[in-house]
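Student: Got a sequence here, can you build the structure:
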Amino acid sequence: MTNDAGTSDDAWVYAPSSALPDPETYTDLGAVVVGGETFDVRRRDSDGSHHYDWTSGPNPGYGFSVSGGGAPVGEEWHARAIRDFLAGIDPATGYLADS
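Tutor: Numbering: from 1, shown residues only. Just a heads-up that it's a prediction; the model follows:
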């Protein structure tokens, strides 16, 4: 993971990872651990979006995606996205809390 290309006005979009087959191709960026939670990170080759599979979470197949991006981003950018996601998790269910 190279340079950190995030800004304070980044728009985070969280959506459950789909368990359905995906015809897109991805580049595996490895695992990122934040607050004791592990996420496998991949970048979609066609549009640069990042996909985070919460491998240590209580719900198999659950995670989130951050849309778009042209330049590679650094590990701190990924860690910030993960911290924001985890801040919205309902500890009782392990899913994003209803607002």
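Student: use CA for all of it now, contacts and neighbours both
Tutor: OK.
Student: Strands of this structure, start to end?
Tutor: 26-34, 37-44, 50-54, 63-66 (DSSP state E).
Student: I'd guessed residue 63 sits against residue 52; true?
Tutor: Yes - assessed by Cα atoms under 8 Å, residue 63 is found in contact with residue 52 at 5.4 Å.
Student: any weak-confidence spans in the chain?
Tutor: Scanning the chain for pLDDT under 70 picks out the ranges 1-22, 70, 99.
Student: need the helices for it, in chain order.
Tutor: With helices called from DSSP state H, the chain shows them at 75-87.
Student: How much space separates the nearest residue to residue 47 once chain neighbours are set aside from residue 31?
Tutor: Among residues not flanking residue 47 along the chain, residue 68 sits closest, at 5.7 Å (Cα to Cα, 6 or more residues apart in numbering). Distance, residue 68 to residue 31, by Cα to Cα, to the nearest Å: 20 Å.
Student: repeat for residue 45
Tutor: 18 Å.
Student: Pick out whichever of those two has more residues nearby.
Tutor: The residue with more neighbours, out of residue 45 and residue 31, is residue 31; 16 against 12, by other Cα atoms under 10 Å.
Student: Show the contacting residues for the residue lying closest to that one once chain neighbours are set aside.
Tutor: The shortest distance from residue 31 to any non-neighbouring residue, by Cα to Cα, 6+ apart, is to residue 40 (4.3 Å). Contacts for residue 40 were tallied using Cα atoms under 8 Å, 6 or more residues apart in numbering; they are 29-32, 52-55.
Student: picking up where we left off before, count the residues that sit near the residue nearest to residue 47.
Tutor: 14.
Student: Residue 48 is in contact with that one, correct?
Tutor: Yes - between residue 68 and residue 48 there is a contact under Cα under 8 Å: 5.0 Å.
Student: ok, back up a step: point out the most buried one among the strands of the chain.
Tutor: Highest mean neighbour count among these (mean count of other Cα atoms under 10 Å): strand 50-54, with a mean of 24.
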